[in-house]
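[1] Requesting a structural model of the entry that follows:
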Amino acid sequence: MITKNNPEDKKKQIQMVSIDELVPQDHLLRKIDKYIDFDFIYDLVEDRYSTETGRPSIDPVTLIKIPIIQYMYGIKSMRQTIKEIEVNVAYRWFLGLDFYDKVPHFSTFGKNYKRRFEGTDLFEQIFQRILLQCMKCDLINTDVVFIDATHVKAAANRKKAKKILVAKKSARFYDEKLKEEINADRIAHGKAPLKEKSDKDNDSDKNDDDNDSTTGSSQIDMSQLKEQKQSTTDPESGWFHKGEH
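    Residues are numbered from 1 along each chain as shown. I've put the predicted structure just below:
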């Protein structure tokens, strides 16, 4: 038997319900709220607020939690984040806002950052404290490291450089780890595993292993060293070749 609801009647219903009842028990924000104590933020930012003058501020913890929501859920802008918070009960619950609390204007975070936090390491301290709490609760697995990098053009003259000798660092362990994961994925998708190294390459690796065993010897093994170009203007920069550039 077909059932037809009358949405107009339900839209105008008045019900007695708490905001906590509307947030699922397995919601990600509940898990974060369970394990992470954000109260340490009050002590970190206390000297950035006046104790005698000015209007009541937005709760600093609420202010920090807003960009956390933005980045966790991939919301593109702060303006859109505020719009999402206005209609999302879980977001309001996480921020400590009730049904009728006004959500901060989208420009509030930027203004507070400019006036209170710019030029400080407060965000770094907050990140480190949260990271430590996650580690204590065994929420972080350090077996695998993901690295993302952006190449930025160095303010250095490429003609001002010198040649230096540096030690070769083997990354074969990570190569094998990566290779295992790639092959598992390829097999899962019906593809053949990657080809094994040739005998020539294996012999080269074996030679490198033999050379590594001499580490600590008073005699310098030149096979353990390689020549590298280093900028005299910015020694921390590196040479990067892409295509014909």
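[2] immediately after the lowest-mean-pLDDT helix or strand in the chain, which helix or strand?
    The weakest-scoring helix or strand in the chain, judged by mean pLDDT, DSSP states H and E, is helix 199-212 (a mean of 52). Counting by DSSP states H and E, the element after helix 199-212 in chain order, helix or strand, is strand 225-231.
[3] Can you get me the centre-to-centre distance for that next one and its chain?
    32 Å (C-alpha atoms, centre = their mean, to the nearest Å).
[4] For it, buried residues please.
    The neighbour-count check on strand 225-231 (16 or more other C-beta atoms under 10 Å) flags residue 231 as buried. For every residue, glycine as well, the C-beta is placed using N, CA and C.
[5] now swap in stretch 12-27 and tell me
    residue 23.
[6] So what would you say the end-to-end distance of that stretch is?
    27 Å (C-alpha to C-alpha, to the nearest Å).
[7] centre of the chain versus it, how much separation?
    Taking mean C-alpha positions (C-alpha atoms, centre = their mean), stretch 12-27 and its chain are 32 Å apart.
[8] next one: stretch 17-31
    25 Å.
[9] Report the rounded mean pLDDT for it.
    For stretch 17-31, mean pLDDT is 93.
[10] which residues are contacting it?
    When contacts are defined by C-beta atoms under 8 Å, 6 or more residues apart in numbering, stretch 17-31 is touched by residues 69, 72, 89-94, 98-99.
[11] For residue 112, the count of nearby residues, please.
    19 (other C-beta atoms under 10 Å).
[12] Tell me if I am right that it is in a strand.
    No: if the criterion is DSSP: H, G, I helix; E, B strand; the rest coil, then residue 112 is helix and not within a strand.
[13] Hmm, residue 63 and it touching each other?
    Yes: contact status for residue 112 versus residue 63: in contact at 6.0 Å, counting by C-beta atoms under 8 Å.
[14] just checking, what's the longest helix in this protein?
    In the chain, assigned by DSSP state H, the helix with the most residues is helix 172-188.
[15] how close does residue 58 get to residue 229?
    52 Å (C-beta to C-beta, to the nearest Å).
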